[in-house]
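Colleague: pasting the structure only:
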C-alpha cells in the first residue's frame, strides 16, 4: 500500500526521522512530503509517529504552511488516487484482443 506523508520538522523527533529513513519512498515531492510504500501495519505505525500527518489530517493552517509545489503535489496525488476504484472495462487487455472495445 502507498501513503503520502507530510512531516512537520518542528514536531518530529529522532525516532520519527529514523523510521522515515528506513521507509521505502516511491516518490519525493520535497524533503518533507513524500510517498511511502509498505504493508498496512507499517503505514499505520508511521502515521502514529510525532510530526507525521497524512493529507486527510491536514488542517487549513498546516496546508497554508506547505509550499506551492507541495500543495500541487498533494492535489495531483489526490486526483490520481480518486479514479483507482473506477472499473476499467478490458483493463490489462491489448486493443487487438478478441472482443475488446476501445474506449
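Modeller: Yep, that arrived. Since the model is a prediction, treat every value here as computed from it, not as a measurement.
Colleague: only C-alpha atoms for contact and neighbour calcs from this point on.
Modeller: OK.
Colleague: okay, now residue 36: neighbour count?
Modeller: Per other Cα atoms under 10 Å, the neighbour tally for residue 36 reads 21.
Colleague: mind giving me the packing neighbours of the helix or strand hosting it?
Modeller: Counting by DSSP states H and E, the element that carries residue 36 is strand 33-37. Where contact means 3 or more Cα pairs under 8 Å, 6 or more residues apart in numbering; DSSP states H and E, strand 33-37 is packed against strand 2-7, strand 24-28.
Colleague: relative to residue 62, which of these is closest?
Modeller: Shortest distance between residue 62 and the helices and strands packed on strand 33-37, using Cα to Cα, is found for strand 2-7: 9.8 Å.
Colleague: the closest one packs against which elements?
Modeller: Checking 3+ Cα pairs under 8 Å, 6+ apart, strand 2-7 ends up next to strand 33-37, strand 52-53.
Colleague: that one pairs with which strands, parallel or anti?
Modeller: strand 33-37 (antiparallel), strand 52-53 (antiparallel) (DSSP bridges).
Colleague: residue 80 sits in which helix or strand?
Modeller: helix 68-82.
Colleague: mind listing what's buried along that helix?
Modeller: 70-71, 73-74 (16 or more other Cα atoms under 10 Å).
Colleague: and residue 18, how far is that from residue 11?
Modeller: 14 Å (Cα to Cα, to the nearest Å).
Colleague: repeat for residue 53
Modeller: Residue 53 is 11 Å from residue 11, by Cα to Cα.
Colleague: between these two, which one's more packed in?
Modeller: residue 53 (19 against 11).
Colleague: so the closest residue to residue 93 other than its chain neighbours: helix, strand or coil?
Modeller: Excluding its sequence neighbours, the residue lying closest to residue 93 (Cα to Cα, 6 or more residues apart in numbering) is residue 100, at 7.5 Å. Following DSSP: H, G, I helix; E, B strand; the rest coil, the label given to residue 100 is coil.
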